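In: Fold the following, please.
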Amino acid sequence: MDLVGQVVTIAAVVIGALTTHLTNHLLERQRVRHVLLTRWDERKLETYAQYVDAVRTCIYSAVALYEARTGLARPIRPNDRLTEDLTDAEAARSRAFERVMLLAHEDVIEAAHEVNTATKAVDWRARGTTDGPLSEWRDLNREAFRAINAFHEAARADLGVLGTFQSADHSARALILPESRRESQPPAAGE
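Out: The predicted model follows:
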């Protein structure tokens, strides 16, 4: 019986060691997987923030050019310099979009395509490539900001951020658009 007791003890020790090793191995794999996911989430967050920053820079450059070109505001620089600023901003937006394409979930990529489409329309109007009244310019800007908000929602979902903001209410806040002309003021070009 002494031999049987020793075999049982040895077997229990071996089973305990194997169980401990297996548990440690699985926990380590899970920890490594979590670290990798966290690292990719950090990269995605950085990429998404850079993309939105590039998009907003593009819009601000387009607004400055449009206002100068149509006489809505005094130009902050000569029109050719404002056009160069917009060209540079468009290049930065394109580069940021490529990073989104590399890291993002399909829904975020689709939302980014919508942002590009909406902001391109703003850019073209600012350059004078397309024409239309001031009310249409405002609508193009509203659509761009709506698309940015949809991108935010898709990016938040991709990153696992809980909660939402109300897009319709959010879109109506702090939208940078030229004020409507008073009846006593002459209309700007294209109005």
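In: So for Gln6, what's the pLDDT?
Out: The per-residue pLDDT reported for Gln6 equals 84.
In: For it, grab the count of nearby residues.
Out: Residues lying near Gln6 (other Cβ atoms under 10 Å) number 10. The way it works is simple: take the backbone N, C-alpha and C, and place the C-beta from them, glycine included.
In: That one sits in which helix or strand?
Out: Taking DSSP states H and E as the definition, Gln6 sits inside helix 2-70.
In: what do you get for Asp131?
Out: Take DSSP H and E as the rule and Asp131 turns out to sit in neither a helix nor a strand.
In: And it, how close does it get to Arg69?
Out: 11 Å (Cβ to Cβ, to the nearest Å).
In: Arg156 too?
Out: Distance, Arg156 to Arg69, using Cβ to Cβ: 36 Å.
In: which one of those two has more residues nearby?
Out: Using other Cβ under 10 Å, the more surrounded residue of Arg156 and Arg69 is Arg69, with 19 against 16.
In: so what pLDDT did the more buried one get?
Out: pLDDT recorded at Arg69 is 91.
In: Check Ala168 too.
Out: Looking at Ala168, its pLDDT is 54.
In: and if you look at Asp53?
Out: For Asp53, the pLDDT comes out at 96.
In: Apart from its chain neighbours, what residue comes closest to it?
Out: Of all residues not flanking Asp53 in the chain, Ala96 sits nearest, at 7.7 Å (Cβ to Cβ, 6 or more residues apart in numbering).
In: so what's Thr117 scoring on pLDDT?
Out: Listed pLDDT for Thr117 reads 96.
In: Count the residues that sit near it.
Out: Using other Cβ under 10 Å, Thr117 is surrounded by 12 other residues.
In: Quick check, it in contact with Ala147.
Out: Yes: at 7.5 Å, Thr117 counts as touching Ala147 under the criterion of Cβ atoms under 8 Å.
In: Tell me which helix or strand in this protein has the weakest average pLDDT.
Out: Lowest by mean pLDDT, DSSP states H and E among the helices and strands of the chain is helix 167-171, with a mean of 53.
In: before we move on, the earlier item: summarise which helices and strands the helix holding Gln6 is packed against.
Out: Packing partners of helix 2-70 (3 or more Cβ pairs under 8 Å, 6 or more residues apart in numbering; DSSP states H and E): helix 79-103, helix 106-127, helix 134-159.
In: Could you list the low-pLDDT ranges of the protein?
Out: With pLDDT under 70 as the threshold, the chain has low-confidence stretches at 1, 32, 34-39, 165-191.
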